[in-house]
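>>> from the sequence below, what's the structure:
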Amino acid sequence: MSKLFLVGDVGGTNTNLALAKHDQSGIHLVRKARFSTQQEKSLLAPVERFLEAAREQGFVDIIDFCCISGAGPVQPDESIQLTNAPWSIQASELSSVLKIPVKLINDFTALSYAVTLLDYRDTDAVTQLPHPDGSLYEPRDGIMLVIGAGTGLGVGFVDRIGNNIVAFPSEGGHSEMPCFDDLSHAVHRWLSNKYGYSAGAELVISGQGIANIFEFVCSDEFRVQMLTSDYAVSHAALTTGLSETAKHILALPRPEWPANIALHAENDVFCTLAMELFGRLYALKAANLASIFLPAGGIWLAGGISSKNEAWLLKNARFMRWFEKNYAPHIRQFLAHTPVLIVKNYDISLLGAAVAALQLSAHD
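Residues are numbered from 1 along each chain as shown. I've put the predicted structure just below:
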């Protein structure tokens, strides 16, 4: 018997909604739409517009269950206060209007469910990052670690043994920032002074993190003496004043900074340095988490930043060279054999919510 689910993925930037059908052939998204999280005041309004548009186009099937993933921890009252948006999601509010059961899950719990559907050999959906020596390794049964730099930094993990799948929520994006040199320590001090607390990973490994790093390297706090030779950027260009590109980016609304910084990563020294430090911190954080979870099933880099900057992360093994750094020889050996993959399927969060809906509705 087939089932129809209303599923959603609510992040700091976008709110994605879909109708997902489960039948003998699997789970399929039959209708989807995207809304701006920042322009909405709650989830209810876009849900109502989405369903009204579906009805106007003749979609009359009865929805059995609703599962919404949100960027934030699920509270005991089945609510999520979004970490990068000014409103919350209330399961009771949605359920009373939709007249169906509603379940909320963390966004990276949804992604953790979703990566179990992916075939690491499907190059349309996944890119595996070669290790510096060119080697590639097959994900095995066990822990699959999901890390995603987007508007914020999300972390989740799922334990897969055959067909048995258990996903777990996490707030690992708010753990410690992996400082490793004078520049990263200086950025950490600057951010810690700004926020009044020791700066966490999300403040440098995310869209807002790219903006934060860029602001620092463009500020009077930055000194070229903080750089080691392996940054391979022009000290002269950094000390003769801000480039026209940097000035242009700084004049834009801050939410537009990350995409423009990435766009100019190859041709502007300030953008290059910001993206280089971001990439190293991202890799080191992934390695830190790998030493905790020992993910035999691989590390799956989700979130829009990884997929949009795939070429940057791949070039000269930029990500993987730093991923394999650790003071302990046995951890370096483990990291050197751990598969790391970029998730390119933009529907992955919705599919994860649909997988969760299928499991949760069976127990409702």
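>>> how about the helix or strand of the chain with the lowest mean pLDDT: buried residues?
Least confident helix or strand, the chain: strand 164-168 with a mean of 85, by mean pLDDT, DSSP states H and E. By neighbour count on 16 or more other CB atoms under 10 Å, the buried set for strand 164-168 is Ile165, Ala167. All C-beta spots, glycine's among them, are computed from the backbone N, C-alpha and C.
>>> i'd like the first residue to be 270 from this point on
In the new numbering, first residue 270, that becomes strand 433-437.
>>> now whichever helix or strand comes after that strand: mean pLDDT?
Where DSSP states H and E defines the elements, the next helix or strand beyond strand 433-437 is helix 451-464. Throughout helix 451-464, pLDDT has a mean value of 97.
>>> by contact count, what packs against helix 451-464?
helix 476-486, helix 538-562 (3 or more CB pairs under 8 Å, 6 or more residues apart in numbering; DSSP states H and E).
>>> may I see the buried residues of the host helix or strand of Asp428?
Assigned by DSSP H and E, Asp428 belongs to strand 422-430. Using 16+ other CB under 10 Å as the test for burial, strand 422-430 gives Leu422, Gly423, Val424, Gly425, Phe426, Val427, Asp428, Arg429.
>>> the third one against Phe437, yeah?
No. Counting by CB atoms under 8 Å, Val424 stays clear of Phe437, with 10.1 Å between them.
>>> the strands in this structure, which residues?
272-279, 283-292, 295-305, 334-339, 348-350, 357-359, 371-375, 395-397, 411-418, 422-430, 433-437, 568-571, 609-612 (DSSP state E).
>>> which helices and strands sit right next to the longest one?
Right, the one you point to is strand 295-305. strand 283-292, helix 313-325, helix 617-630.
>>> most packed of those?
helix 617-630 (a mean of 25; mean count of other CB atoms under 10 Å).
>>> okay, now the unreliable bits of this structure?
633 (pLDDT under 70).
>>> out of the helices and strands packed on strand 295-305, flag the one nearest Tyr466.
strand 283-292 (28.2 Å; CB to CB).
>>> list the helices and strands that closest one packs on?
strand 272-279, strand 295-305, helix 313-325, helix 617-630.
>>> residue contacts, the residue most central in space within the chain?
When CA atoms, centre = their mean is applied to the chain, the residue found nearest the centroid is Gly417 (2.2 Å). Residues near Gly417 by CB atoms under 8 Å, 6 or more residues apart in numbering: Phe377, Leu380, Gly423, Val424, Leu570, Ala571, Gly572, Ser575.
>>> and the residue lying closest to it once chain neighbours are set aside, how many neighbours does it have?
Once flanking residues are discounted, Gly417 sits nearest to Gly572: 3.1 Å by CB to CB, 6 or more residues apart in numbering. As a burial measure, Gly572 scores 26 neighbours (other CB atoms under 10 Å).
>>> kindly report the same for Glu593.
22.
>>> hang on, isn't it packed against Leu604?
Yes. Contact criterion CB under 8 Å: Glu593 and Leu604 qualify, at 4.8 Å.
>>> report the contact partners of Phe304.
Neighbours of Phe304 in contact, by CB under 8 Å, 6+ apart: Asn283, Thr284, Asn285, Leu286, Pro315, Arg318, Phe319.
>>> ok, the last one touching Leu286?
To tie it back to what came earlier, the one meant is Phe319. Yes. Between Phe319 and Leu286 there is a contact at 4.7 Å, judged by CB under 8 Å.
>>> give me the common contacts of these two.
Ala302, Phe304.
>>> domain ranges for this structure, per the record?
272-383+616-630, 390-613 (automatic domain parsing).
>>> and which of the buried residues of strand 422-430 is nearest to Trp356?
Using CB to CB, those come closest to Trp356 at Gly423, 18.6 Å.
>>> so that closest one touches Gly573, yeah?
No. Contact between Gly423 and Gly573 fails when scored by CB under 8 Å: they sit 11.4 Å apart.
>>> what about the residue sitting furthest away from the middle of the chain, distance to Met495?
Residue farthest from the centre of the chain, counting by CA atoms, centre = their mean, is Thr509 at 35.5 Å. Using CB to CB, to the nearest Å, Thr509 is found at 17 Å from Met495.
>>> cool, Arg590 as well?
20 Å.
>>> quick one, what contacts the residue lying closest to Ala605 once chain neighbours are set aside?
Leaving out its chain neighbours, the residue that sits closest to Ala605 by CB to CB, 6+ apart is Glu593, at 5.4 Å. With contact taken as CB under 8 Å, 6+ apart, Glu593 is in contact with His400, Pro401, Ala556, Arg601, Leu604, Ala605.
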